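> can't give you the sequence, but here's the structure:
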């Protein structure tokens, strides 16, 4: 039997990626709060959050690999396009704040804040 799905039904890969991303957020939150954590626990949590990130990113790689059972060139291209759009939005926000973007990569940008004061730079980053 074929089951009809509506637009609110998530497929297997999006659901699994969502779970990985949420778990990573939870672990990163624990790291940030640092409540009663030893240095060893912090290292373990950092390893865990990186493992969640790597696993989620590798699922994207499966979409773009033509010999993968999950190969879908259009979906891989869509994900790349969305990532590029988000980075361009971030770049535009930074430039509207009168800062220069000095470097951009697949998941981040670096900006010149024209400051060497740590607290000031962190405040700018929080904006």
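Cool, got the structure. Please read these numbers as outputs of a predicted model, since none were measured by experiment.

> for the residue nearest to the spatial centre of the chain, give me its contacts.
Geometric centre of the chain, nearest residue: residue 107, 6.6 Å, by CA atoms, centre = their mean. Residues near residue 107 by CB atoms under 8 Å, 6 or more residues apart in numbering: 83, 87. C-beta: built from backbone N, CA, C; applies to glycine.

> next one: residue 65
residue 71.

> what about it, distance to residue 53?
According to CB to CB, to the nearest Å, residue 65 and residue 53 sit 19 Å apart.

> spell out, range by range, the helices that occur in the chain.
12-33, 39-64, 73-96, 118-126 (DSSP state H).

> roughly how far does residue 62 sit from residue 69?
8 Å.

> compare the two (neighbour count), which wins?
With neighbours defined as other CB atoms under 10 Å, residue 62 and residue 69 compare such that residue 62 has more, 15 against 6.

> can you give the domain ranges for the protein?
1-71, 73-127 (automatic domain parsing).

> lowest average pLDDT across those domains?
Among these, domain 1-71 carries the lowest mean pLDDT, at a mean of 88.

> next one: that domain to chain centre, how far?
Between the mean C-alpha location of domain 1-71 and the chain-wide mean there is a distance of 10 Å, by CA atoms, centre = their mean, to the nearest Å.

> equivalent analysis for stretch 120-127, please.
20 Å.

> numbering from 308 from now on, please.
Okay, residue one is now 308; in that scheme the one you just asked about reads as stretch 427-434.

> so what touches that stretch?
Stretch 427-434 is contacted from outside by 404, 406, 420, 422, using CB under 8 Å, 6+ apart.

> mind checking how far the third one is from residue 327?
The reference is to residue 420. 32 Å.

> those two - which one has more neighbours?
Between residue 420 and residue 327, counted using other CB under 10 Å, residue 327 has the larger neighbour count: 19 against 16.
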